[in-house]
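Chemist: Got a predicted model here, sequence first, then my questions.
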Amino acid sequence: MSTVASRTFKSTPERDASRTWAAIVDLLTQGKVSDARTELLAVVGVAASVIADQGPKDAAITVTCDGPRTRIYCLYGDDAVEGSDTNEDVLGFDPLKGNWRISLPCLPDDLAWVQGALKKHSTRITARDLNAAVSSNDESETTKAQTLVFDPKGFLGS
């Protein structure tokens, strides 16, 4: 079982959906300029739509990588204004290390267009029905692809 970190961001009306996504991107990229940041910012409109529809209220935006999994939720309405349940603290690891993926929770009626719009910008950022669990297929394929090769000469030489 992998380690899971959870963060909760204030959203509407405290900050609009685009600014919420920008704050999430800042957390995930640790404020660094990178290809991952460019890729995440390329989907700002689609991600903001998912956030505005309150997809991540009860179903997490899920980030998987070669390290711990990250779950990101959003608060809305009075909960966002009050902000007592927020946790926007930096993570103690790189959430986009290695083969990272992000799954956005989406309303079932919008799923087809959101998936299509995301596909135009990224293969790593996908959408799922907010009522569905995150698929573990990506993780199992990654695990299968990372077969351990034992190097006895290197091991014994250390």
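Modeler: Arrived safely, thanks for sending.
Chemist: Three-state assignment for the closest residue to Ala5 other than its chain neighbours, please.
Modeler: Leaving aside its chain neighbours, Ala5 sits nearest to Thr70 (5.0 Å; criterion: CB to CB, 6 or more residues apart in numbering). Any C-beta I mention is one placed from the backbone N, CA and C, and that applies to glycine too. Assigned by DSSP: H, G, I helix; E, B strand; the rest coil, the conformation of Thr70 is strand.
Chemist: repeat for Phe9
Modeler: Under three-state DSSP, Phe9 comes out as strand.
Chemist: quick one: Thr20 from Pro68, how far?
Modeler: Going from Thr20 to Pro68 by CB to CB, to the nearest Å gives 22 Å.
Chemist: Show me which of those two is the more surrounded one.
Modeler: Set Thr20 next to Pro68 and count neighbours by other CB atoms under 10 Å: Thr20 wins out with 25 against 17.
Chemist: so the more buried one sits right up against Phe9, yeah?
Modeler: Yes: contact criterion CB atoms under 8 Å: Thr20 and Phe9 qualify, at 5.7 Å.
Chemist: what's near enough to touch the nearest residue to Tyr73 once chain neighbours are set aside?
Modeler: Of all residues beyond its chain neighbours, the one nearest Tyr73 is Thr8 (4.7 Å), with distances taken as CB to CB, 6+ apart. Thr8 makes contact with 72-75, 85-88, according to CB atoms under 8 Å, 6 or more residues apart in numbering.
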